[in-house]
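Colleague: when you get a sec, could you give me coordinates for this:
(2 chains)
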Amino acid sequence: GENVEQHPSTLSVQEGDSAVIKCTYSDSASNYFPWYKQELGKRPQLIIDIRSNVGEKKDQRIAVTLNKTAKHFSLHITETQPEDSAVYFCAPSSSASKIIFGSGTRLSIRP
Amino acid sequence: EPEVTQTPSHQVTQMGQEVILRCVPISNHLYFYWYRQILGQKVEFLVSFYNNEISEKSEIFDDQFSVERPDGSNFTLKIRSTKLEDSAMYFCASREYQGNTIYFGEGSWLTVV
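Modeller: Okay, the predicted model is just below:
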């Protein structure tokens, strides 16, 4: 948690292509690494998460990879579809008390 | 499926007025949070609450903000004297003691005029 940065801030990909969003954090005690999706006008919702003892996790078209040494983790979306258009936030944390969200990545899927 | 519920969904208030936003967290959850999201911007942490007291708060959560758990189910955010820049979506969230996932309510959209 603490200092959390996301790149890129905006991403436009052709439908069917892959999208990758990276989250970099500063707190080396972080042990939980989720990604949230926020559709326009809606609440953020968890789409995938990973814990510090695992390097990669996959759920159908989405995956998260973690590099604890370098203090970053990434969201991978394959075979993108129009409904993947949203803002994506990472929120790495080391404690239950303070969960800081990244600045968000606006993903647009071009038909 | 249990959900975090928030009221009101939208409130318009005059600058300088007090506002109370209400939340009912998921019933077996023990950690509660308030976040703020100004239109088009990031989700900003305001405060977390556990065991009937504030656990952490951000720089945004100054003296004009307060939180309370007045009974066994509600969790409220009070803004004492609203300013124009308080206009935002306010999300309440909760999580289990052992779990990691935080669950958000649908938000309360506050407009200060």
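Colleague: going by C-alpha atoms from here, please, whenever you check contacts or count neighbours.
Modeller: Noted.
Colleague: poorly predicted segments of chain B, please.
Modeller: Counting by pLDDT under 70, chain B has no low-confidence residues at all.
Colleague: ok, 90 please
Modeller: Judged by pLDDT under 90, chain B has its weakly predicted residues at B:1-2, B:28, B:70-73, B:96-101.
Colleague: residues contacting the most centrally placed residue in it?
Modeller: Taking CA atoms, centre = their mean as the criterion, B:W34 is the residue nearest the geometric centre of chain B, at 3.3 Å. Taking CA atoms under 8 Å, 6 or more residues apart in numbering or on different chains, we find B:W34 in contact with B:45-48, B:77, B:90-93.
Colleague: cool, A:A19 as well?
Modeller: The neighbours of A:A19, taking CA under 8 Å, 6+ apart as the test, are A:11, A:13, A:75-78, A:80.
Colleague: go with 10 Å
Modeller: A:11-13, A:62, A:75-80, A:84, A:107-109 (CA atoms under 10 Å, 6 or more residues apart in numbering or on different chains).
Colleague: do the same with B:V112
Modeller: With contact set as CA under 10 Å, 6+ apart, B:V112 has these partners: B:11-17, B:19, B:82-88.
Colleague: sorry, back to before: and the helix or strand harbouring the residue nearest to the centre of chain B, how far out from the chain middle?
Modeller: In the assignment (DSSP states H and E), B:W34 maps to strand B:31-37. With CA atoms, centre = their mean, to the nearest Å as the basis, strand B:31-37 stands 5 Å off its chain's centre.
Colleague: now stretch A:37-46
Modeller: The answer for stretch A:37-46 is 13 Å, by CA atoms, centre = their mean.
Colleague: what number of residues lie near B:M15?
Modeller: 15 (other CA atoms under 10 Å in any protein chain shown).
Colleague: can you give me phi and psi for it?
Modeller: When read as degrees, to the nearest 10, the backbone of B:M15 gives phi -50, psi 140.
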